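>>> 3D, please:
(one chain, ligands or ions: 1)
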Amino acid sequence: MSTDADGRIRSWTLGPSTPRYTPPPGAVDAHCHVFGPMAAFPFSAKAKYLPQDAGPEALFALREKLGFSRNVIVQASCHGTDNRATLNGIAVSNGTCRGVAVVDPAISDAELDALHAGGIRGVRFNFLKRLVDDAPKDKFLDVAHRIARLGWHVVVYFEADILEEMRSFLSAIPVSIVIDHMGRPDVTQGPDGADITAFRALLDNRDDIWTKVTCPDRLDPAGEPYADFVRSVRPLVEAYPDRVLWGTDWPHPNMETRIPDDGALVDVIPQIAVTEDLRHKLLVANPMRLYWPEEAAE
Ligand SMILES: O=C(O)/C=C(\CC(=O)C(=O)O)C(=O)O
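The predicted structure is shown next:
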């Protein structure tokens with residue numbers, strides 16, 4: 001763990017290994033964040049963690065090292081509903097980034113249009129109490145209805161213990177849904193455990209619910225080589241090959257006591273997506289359909 005003189009925390013390694021696995025050309029890291037730089041894009045007064053700067057330059061250096069071509073930058077809770085850091089990351093990416101915003105439910109249509117012009121293609125609803133003060137379902141539903149005209153989707157972040165109470169909310173969302181980190185199942189239960197079974201029921205209920213098969217570092221307490229994550233997640237990738245996304249989760253917010261090696265995370269990919277076809281869907285075709293549909297349709 002590294003904390004600077006201002007008490008700002010670093011939750012990512014400065015020396016990731018080079019992965020053994022090489023992603024296919026055009027691979028998308030579909031879940032990552034940028035922090036700041038704080039001097040230009042201050043953190044929210046309500047932020048639950050205060051990280052060191054992790055701006056687009058560092059993100060692009062990592063992407064190069066890991067063999068990825070594009071990123072989807074997801075607005076992190078430390079920036080609240082001020083999406084300027086995310087928009088900046090997209091703006092300096094020469095078309096290689098798109099983003100997911102977090103918005104104040106009172107946002108105007110004109111402001112939503114401006115986010116679209118800046119490369120945003122979805123909004124995130126975060127239900128983790130340790131990250132946000134409130135998660136008003138009625139207001140989120142209103143936002144979900146209002147973004148439909150833009151062709152956006154919603155990204156929902158919750159943990160397995162509230163899956164049951166999320167069902168009716170999710171059913172009412174009128175656009176496609178992406179669930180972060182599979183709703184954070186206990187992967188030590190295995191692929192037929194209660195958490196993965198309940199999550200599969202959700203995916204079976206609607207064919208426009210996608211998920212990110214991400215964060216072995218958060219989900220597998222044993223750490224590398226993430227064996228429980230692999231045995232639990234591989235069947236999901238095989239059962240829902242057209243609705244899965246993958247991302248590094250860099251700069252790994254709140255992981256300062258268990259900082260993962262990004263190279264090792266990439267090396268999990270061929271273990272959960274065991275054929276070239278599955279890997280192409282996971283890393284290229286699926287994220288392109290969701291975030292760059294105008295290119296995917298060509
Ligand atoms: O980045 C993630 O996926 C997970 C996070 C942080 C986060 O979501 C946020 O700050 O918005 C977490 O579990 O602390």
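>>> looks to me like Glu256 is in a helix.
No. Read with DSSP: H, G, I helix; E, B strand; the rest coil, Glu256 is coil and lies in no helix.
>>> Asp4 versus that one, what's the distance?
According to C-beta to C-beta, to the nearest Å, Glu256 stands 12 Å off from Asp4. C-beta: built from backbone N, CA, C; applies to glycine.
>>> okay, those two: which has more neighbours?
Ranked by neighbour count (other C-beta atoms under 10 Å), Glu256 and Asp4 place Glu256 first, with 17 against 12.
>>> contacting residues for the more buried one?
Contact analysis of Glu256 by C-beta atoms under 8 Å, 6 or more residues apart in numbering lists Met1, Ser2, Thr3, Ile9, Arg10, Ser11.
>>> what touches both of Glu256 and Asp4?
Joint contacts of Glu256 and Asp4 (C-beta under 8 Å, 6+ apart) are Arg10.
>>> tell me which two of the contacts of Glu256 sit farthest apart.
Thr3 and Ser11 (10.5 Å; C-beta to C-beta).
>>> and those two? Which one has more around it.
Comparing Thr3 with Ser11 by other C-beta under 10 Å, the one with more neighbours is Ser11, at 23 against 12.
>>> I'd like to know which elements the helix or strand of the chain with the lowest mean pLDDT is packed against.
Lowest by mean pLDDT, DSSP states H and E among the helices and strands of the chain is strand 2-3, with a mean of 79. Packing contacts for strand 2-3, counted by 3 or more C-beta pairs under 8 Å, 6 or more residues apart in numbering; DSSP states H and E, involve strand 9-10.
>>> who's in contact with Glu164?
Here Glu164 is in contact with Ala198 (criterion: C-beta under 8 Å, 6+ apart).
>>> how close does it get to Ala296?
Distance of Glu164 to Ala296, given as C-beta to C-beta: 34 Å.
>>> try Thr188
Thr188 is 36 Å from Ala296, by C-beta to C-beta.
>>> next one: Asp138
Distance, Asp138 to Ala296, by C-beta to C-beta: 33 Å.
>>> just want to know which of these two has more residues nearby.
Using other C-beta under 10 Å, the more surrounded residue of Asp138 and Ala296 is Ala296, with 14 against 9.
>>> that one contacts Ala285, doesn't it?
Yes. At 7.1 Å, Ala296 counts as touching Ala285 under the criterion of C-beta atoms under 8 Å.
>>> burial count for the closest residue to Ser17 other than its chain neighbours?
Closest residue to Ser17 apart from its sequence neighbours, by C-beta to C-beta, 6 or more residues apart in numbering: Gly263 at 3.4 Å. Other residues lying near Gly263 total 18 when counted by other C-beta under 10 Å.
>>> right, is the host helix or strand of Gly263 up against the ligand?
Per DSSP states H and E: Gly263 is located in helix 262-266. No. Helix 262-266 stays clear of the ligand (C-beta under 6 Å from any ligand atom), getting no nearer than 12.8 Å.
>>> contact partners of that helix?
With C-beta under 8 Å, 6+ apart, helix 262-266 has contacts from 12-13, 16-19, 21, 23, 62, 65-67, 216-217, 224-226, 248-250.
>>> so which bits of stretch 41-59 are buried?
Buried residues in stretch 41-59, defined by neighbour count with 16 or more other C-beta atoms under 10 Å: Phe41, Phe43, Ala47, Tyr49, Pro51, Gln52, Asp53, Ala54, Gly55, Pro56, Ala58, Leu59.
>>> out of these, which is nearest to Phe169?
Of all those, Ala47 has the smallest distance to Phe169: 25.1 Å, by C-beta to C-beta.
>>> that closest one and Thr81 touch, don't they?
No. The criterion here is C-beta under 8 Å, and Ala47 misses it with Thr81 at 11.7 Å.
>>> strands along the stretch 101-250 of the chain, start to end?
120-126, 153-157, 177-179, 209-212, 244-245 (DSSP state E, counting those that start in this stretch).
>>> ranking those by burial, who's on top?
strand 244-245 (a mean of 27; mean count of other C-beta atoms under 10 Å).
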